[in-house]
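> build the 3D model from these lines:
(one chain, ligands or ions: 1)
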Amino acid sequence: MKTIIEPFKIKSVEPIRFTSKEERIRLIKEAGYNPFMIHADDVLIDLLTDSGTSAMSSKQWAGIMDGDESYAGSKSFYRFEETVKKITGLNYIIPTHQGRAAEKILFSVVGGKGKFIPNNTHFDTTRANVEFTGAEAVDLLNETGKHPEIRADFKGNMDVQKLEDFIKNTGKENIPLCMITVTNNSGGGQPVSMQNIREVKSVCKKYGIPLFLDACRFAENAYFIKKREPGYADKSVLEIAQEMFSYADGATMSAKKDALVNIGGFLALNDEEVAQQCRNLLIVTEGFPTYGGLAGRDLEAVAQGLEEVLDEHYLQYRIRSIEYLGEKLVAAGVPMIEPPGGHAIYLDAKRFLPNIPPEQFPGQSIVIALYIEGGIRSVEIGSVMFGKYDSSGKLIPPPMELVRLAVPRRVYTQSHIDYVLEIILEVFKNRNSLKGYKIVYEAPMLRHFTAKFEELR
Ligand code: F0G
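Below you'll find the model as predicted:
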């Protein structure tokens, strides 16, 4: 097979600033060993997130100039609405400033104490917005999805039997909707099969529960279906996405991912009455229904991005760049979630640093080493992010200790990825010299953003 090339030419460039290892040792120490506290200018390759970090195309930038800034009835809204309807087939399209704003509005309307929302795995903001209303967020991921070392095609699938048991035990009247997150970000960016979406829909239908997609990475998920699921090889990614959404009664979307923009999102749904309530809230918190929390130019860029993201050359390059990095890491014996997901590599810190216990944050130790060694910024998804304490103050670690390297869309080329690989391999080779860390400051909530650490000797 020939090399899969970046399917674009570069028209505008942004220089990256090189730092020396000595500088980085000082900078990360000054940042309390927390990469969230580093200035982005001191980062060489930024793999903190794939959210809002996409490079826009010349047509998107042209759309920015062309955006209609009318308060009501903007033509950019109608272009946006038409594009979202074409892909999702859903009736009511409500623009929001990003994904969590759509979640906030939706769960304010349908959530509340005594309610339960099942999902394959709730992303943090989804969980937070569900729980903020007093409702409970429940994860029903299939068993394979919980084992980093097991290779399977659709590790994002929901456990359909568990869902049905859960509905029977909880009572359908207490479940205002069921969600599926495509791809499953918190479980390694793993895709969900069409068959699974269909089966979940059929259970939901049996009990009269609406199904919603958390659709941030719907195009990446559709591409995995095309490549991996029997019967889809000859369908276009648009057709596959349309079929995915055909089983959904609604969707929340962070356009900062698969709409290739730096800000934006939407809520889409079929239920007229719920849509009306959501719009009423939207007017209070985001803005008039034909702009939501966005400028007309942002809506133009989202509409254009949603068309570009379904280009199969783009998706081939996108999925391949992560797979390429993953293949080489696996070949070198670096432990990670296998197979690689759609938007990120997730290193398995438990097996990478078996001598550093969760109480000493092995994932954080790798994150720090990647920055010092090569100026790469990644993020810990383990005991720093999700750890809780028992009544005696002892850490209750989450099931996995991971380090996520999320790849921004259309930003880095193959040589950037090769460089990332070299740095990970260097850190892996010297893993026995890595130390654990202790937390010396933490906020009461979402501590990973601002925590400060000290190296253990
Ligand atoms: N759902 C999923 C699956 C996400 O990954 C995100 C964001 C959201 C919802 C919320 O969207 O940021 O636009 O409000 N994920 C980013 C990340 C932040 O780094 O994974 P938002």
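
> tally up the residues packed near residue 161, please.
12 (other C-beta atoms under 10 Å). Glycine gets a C-beta too; all of them are placed from N, C-alpha and C.

> state the helix or strand in which it lies.
Element membership for residue 161, per DSSP states H and E: helix 160-170.

> so which elements touch the following helix or strand past that helix?
Next along the chain after helix 160-170, taking DSSP H and E as the criterion, comes strand 178-181. Under the contact criterion of 3 or more C-beta pairs under 8 Å, 6 or more residues apart in numbering; DSSP states H and E, strand 178-181 touches strand 116-119, helix 194-206, strand 211-214.

> give me the residues contacting the next helix-or-strand element following the last one.
Yep, that's strand 211-214 we're talking about. Moving toward the C-terminus from strand 211-214, the next helix or strand (DSSP H and E) is helix 218-228. Contact partners of helix 218-228, identified using C-beta atoms under 8 Å, 6 or more residues apart in numbering, comprise 87, 153-154, 156, 182-183, 189, 191-194, 232-233, 235, 237, 240-241, 244-245, 253, 258, 309-310, 312, 315-316, 318-319, 342-343.

> which helix or strand in this protein has the lowest average pLDDT?
Within the chain, confidence by mean pLDDT, DSSP states H and E is lowest for strand 388-389 among all helices and strands, at a mean of 90.

> distance between the helix or strand following that strand and the chain's centre?
On the C-terminal side of strand 388-389, the closest following helix or strand by DSSP H and E is strand 395-396. Relative to its chain's centre, strand 395-396 lies at 25 Å (C-alpha atoms, centre = their mean, to the nearest Å).

> can you tell me the strand partners of strand 395-396 and which way each runs?
Based on DSSP bridges, the pairing partners of strand 395-396 within the sheet are strand 388-389 (antiparallel).

> what lies in contact with the partner strand?
With contact meaning C-beta under 8 Å, 6+ apart, strand 388-389 is reached by 395, 396.

> what about residue 262, how many neighbours?
A count of nearby residues for residue 262, using other C-beta under 10 Å, gives 16.

> over to it: give its phi and psi.
Phi and psi for residue 262, reported as degrees, to the nearest 10, are phi -90, psi -20.

> wait, which of the helices and strands packed on strand 178-181 is closest to the ligand?
Closest of the helices and strands packed on strand 178-181 to the ligand is strand 211-214, at 4.8 Å (criterion: C-beta to the nearest ligand atom).

> give me the distance from that closest one to the chain's centre.
Distance, centroid of strand 211-214 to centroid of chain: 15 Å (C-alpha atoms, centre = their mean).

> that one near the ligand at all?
Yes. Counting by C-beta under 6 Å from any ligand atom, the ligand is contacted by strand 211-214 at residue 214.

> pLDDT of that strand, averaged?
Averaging pLDDT along strand 211-214 gives 98.

> what are the pairing partners of that strand, and which direction each?
Counting by DSSP bridges, strand 211-214 is paired with strand 178-181 (parallel), strand 250-254 (parallel).

> redo those as TSV? Include mean pLDDT, distance to the ligand and mean neighbour count.
Compiled in TSV, the strands paired with strand 211-214 are given as follows (pLDDT from 0 to 100; distance: least, C-beta to the nearest ligand atom, whole Å; neighbours: other C-beta atoms under 10 Å):
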stretch	mean pLDDT	distance to the ligand	mean neighbour count
strand 178-181	98	5	28
strand 250-254	98	3	29
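
> now distance to residue 277 too, for those, in JSON lines please.
Shown next, in JSON lines, are those (distance: least, C-beta to C-beta, whole Å):
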{"stretch": "strand 178-181", "distance to residue 277": "18"}
{"stretch": "strand 250-254", "distance to residue 277": "13"}
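
> other SSEs contacting the helix or strand where residue 426 lies?
Using DSSP H and E, the element containing residue 426 is helix 414-429. Using 3+ C-beta pairs under 8 Å, 6+ apart as the contact definition, the elements that helix 414-429 packs against are strand 45-46, helix 312-331, helix 362-374.

> let me know the pLDDT of the residue of the stretch 1-150 of the chain found nearest the ligand.
Ranked by C-beta to the nearest ligand atom, the top residue of the stretch 1-150 of the chain for proximity to the ligand is residue 99, at 2.6 Å. Here, the pLDDT recorded for residue 99 equals 97.

> likewise residue 400?
Confidence at residue 400, expressed as pLDDT, is 89.

> would it be right to say that it lies in a helix?
No. Applying DSSP: H, G, I helix; E, B strand; the rest coil, one finds residue 400 to be coil, outside a helix.

> residue contacts, it?
Applying C-beta under 8 Å, 6+ apart to residue 400 gives the contacts 146, 148, 348, 350, 381, 382.

> ChimeraX command to pick out the buried ones of those?
In ChimeraX, selecting the buried portion of the contacts of residue 400, with burial taken from 16 or more other C-beta atoms under 10 Å, looks like this:
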select :148,348,350,381,382
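
> out of the contacts of residue 400, list just those in helices.
residue 350 (DSSP state H).

> between the contacts of residue 400, which sits nearest residue 416?
Ranked by distance to residue 416 (C-beta to C-beta), these are led by residue 381 at 22.1 Å.

> I'd say that closest one and residue 406 touch.
No. Residue 381 lies out of contact with residue 406 (C-beta atoms under 8 Å); the separation is 10.3 Å.

> overlap in contacts of those two?
Counting by C-beta under 8 Å, 6+ apart, nothing touches both residue 381 and residue 406.

> having no further points to raise, I will conclude here.
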